[in-house]
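Peer 1: with the input below, show me the fold.
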Amino acid sequence: MDAAWLAQRIGDPSARGIAAALTDLIREGTVTAQTRLPTVRGLARELGVSSGTVAEAWSELRRHGMIRTDRRRGTVVLGPPDVPRPIRYERLGHWGDRLAIDLTIASPDTALLPPLEAALAAAARADGLNDYARATITPRLRAAVEPTWPFEAQSWLAVGGGYEAVQLLCQTAALPGDRIAIEEPTGARLLDILETIGVQIVPVACDEEGPLPAALAKALKARPVAFVYQPRGQSPCGHAVTPERSAELAALLEPAKTLIVEDDGIGELSVSPMVSMGTRFPGRTVLVRSYSKSHGPDLRIAVIGGAADAVERVRVLRSFGTGWTSRILQDALAHLLADPDVEARVAHAREVYAGRRARLAAELAARGVRTGGGDGLVLWVPVRDEPAALVTLAAHGISVAPGSRYVIDQAARPHLRLATARLTDDPAELAELADVVALAAGRGVSAAT
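Peer 2: Numbering: from 1, shown residues only. Prediction:
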């Protein structure tokens, strides 16, 4: 496509105007799929704007699946706009129905979840149901979770799961183009979320004790509006932040105005104590605690507790859609949290999950494959070659998640993520699984985050 031809059809030379004009041309069929667009510099020169303005427009079009840039062909048109998709999460592994062992998704073992019948029946009898009054959190649920919170929260909100909470917090904290600092590696879905809302991702490297102070100090120079991290049970690496590391990170964050978002994804299933920066910065720390893996995914409950301004922004945004989380589901969770038998059941599940993870880690270490971390429902397994390891495991009927989905750019060392919550408890079967994983990984591989 000729740059001058396109420039004549752009009335508003802002980034938004450029994107809107090209979107119209693609929708009406004037510009068809596989058309190669002019270079950023060429179009910028014709429009009399900076290259950054055109690059921003291209970024918006790319986010909606209308264009793609590759080194050989430049930037080409793909077609009309599509709904942004969670590409990393959707590509975690679809190997067909023939696979016997699925270690891709860190789902809880249904046999270890508490029964819901009594809790739902009790919640369905509660007062105040079928009212359009918007309950940010029911009194029963707040009374159940508040004693377990690691700091005094200024405000509370129940939402539909941990990732919804993190998405809404990031979406309300940042404008397109703002920066958000996150751990790396981190959750594939978090990376999808941040790319979809159009922020710049600033990676923070980690070790066994959490985010590295030097890496956070470097990230803070970019002036991120938020820092999102997992204080314990970190996925995919399995580390937990120690009190000493938390104090180091807090010293770096103290002079900044950055919102601190703590994602407690496995909550009561973590074997590590919760160390929160909310004790130091209650006015700009928000803790998200999910109860999906501990009490049941179909409850669809996570609780946000912390800084009043941040929680209020999420409440306002939710008012455009669902408005509030079902009071029946909130009080069902409250019933479970107050039940001593359920508490004991969750404690038992925590021990079982920790044992399964530890046993596979030990089996792999005995075969020369050393994984890191000591918490969570996954193992971060170093391999020599990611595609080859995936193919080898698939040939043995095993599906796992490729580690490349959990990093922003190419990692220094390839990894696989193995979900451990549903591992077999049979020693012989576990040893056989470890043999195959070690074969796929390449023996004598050490963990590196």
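Peer 1: can you list the domains in the protein?
Peer 2: 3-77, 87-110+342-441, 117-334 (automatic domain parsing).
Peer 1: deepest in the core, which of those is it.
Peer 2: Of all these, domain 117-334 has the most neighbours on average by mean count of other CB atoms under 10 Å, namely a mean of 20. Glycine gets a C-beta too; all of them are placed from N, C-alpha and C.
Peer 1: report the rounded mean pLDDT for it.
Peer 2: Domain 117-334 shows a mean pLDDT of 95.
Peer 1: find the centremost residue of this protein, please.
Peer 2: The centroid of the chain falls nearest to residue 190 when counting by CA atoms, centre = their mean (2.8 Å).
Peer 1: right, and that one touches residue 229 too?
Peer 2: No - applying CB atoms under 8 Å, one finds residue 190 not in contact with residue 229, separated by 10.2 Å.
Peer 1: what is in contact with these two at once?
Peer 2: Here residue 190 and residue 229 have 182, 263 as joint contacts, going by CB atoms under 8 Å, 6 or more residues apart in numbering.
Peer 1: thinking again about what came up before, does the residue nearest to the centre of the chain belong to a helix or a strand, and which?
Peer 2: helix 188-196 (DSSP states H and E).
Peer 1: which strands or helices does that helix pack on?
Peer 2: helix 87-90, helix 162-173, strand 179-184, strand 200-207 (3 or more CB pairs under 8 Å, 6 or more residues apart in numbering; DSSP states H and E).
Peer 1: SS state for the residue nearest to residue 209 when sequence neighbours are not counted?
Peer 2: Nearest residue to residue 209, sequence neighbours excluded (CB to CB, 6 or more residues apart in numbering): residue 245, at 4.3 Å. Under DSSP: H, G, I helix; E, B strand; the rest coil, residue 245 falls in the helix class.
Peer 1: where's residue 245 relative to residue 206, distance?
Peer 2: Distance, residue 245 to residue 206, by CB to CB, to the nearest Å: 10 Å.
Peer 1: and if you look at residue 218?
Peer 2: Counting by CB to CB, the gap from residue 218 to residue 206 is 13 Å.
Peer 1: ok, now residue 64?
Peer 2: Distance from residue 64 to residue 206, by CB to CB: 32 Å.
Peer 1: residue ranges in the stretch 301-449 of the chain under the pLDDT threshold?
Peer 2: 444-449 (pLDDT under 70).
Peer 1: what do you get if the cut-off is 90, keeping everything else the same?
Peer 2: Across the stretch 301-449 of the chain, residues meeting the criterion (pLDDT under 90) sit at 321-322, 372, 408-413, 443-449.
Peer 1: which residue ranges of it form helices?
Peer 2: Under the criterion DSSP state H, counting those that start in this stretch, helices of the stretch 301-449 of the chain are mapped to 308-318, 327-337, 340-366, 386-395, 427-441.
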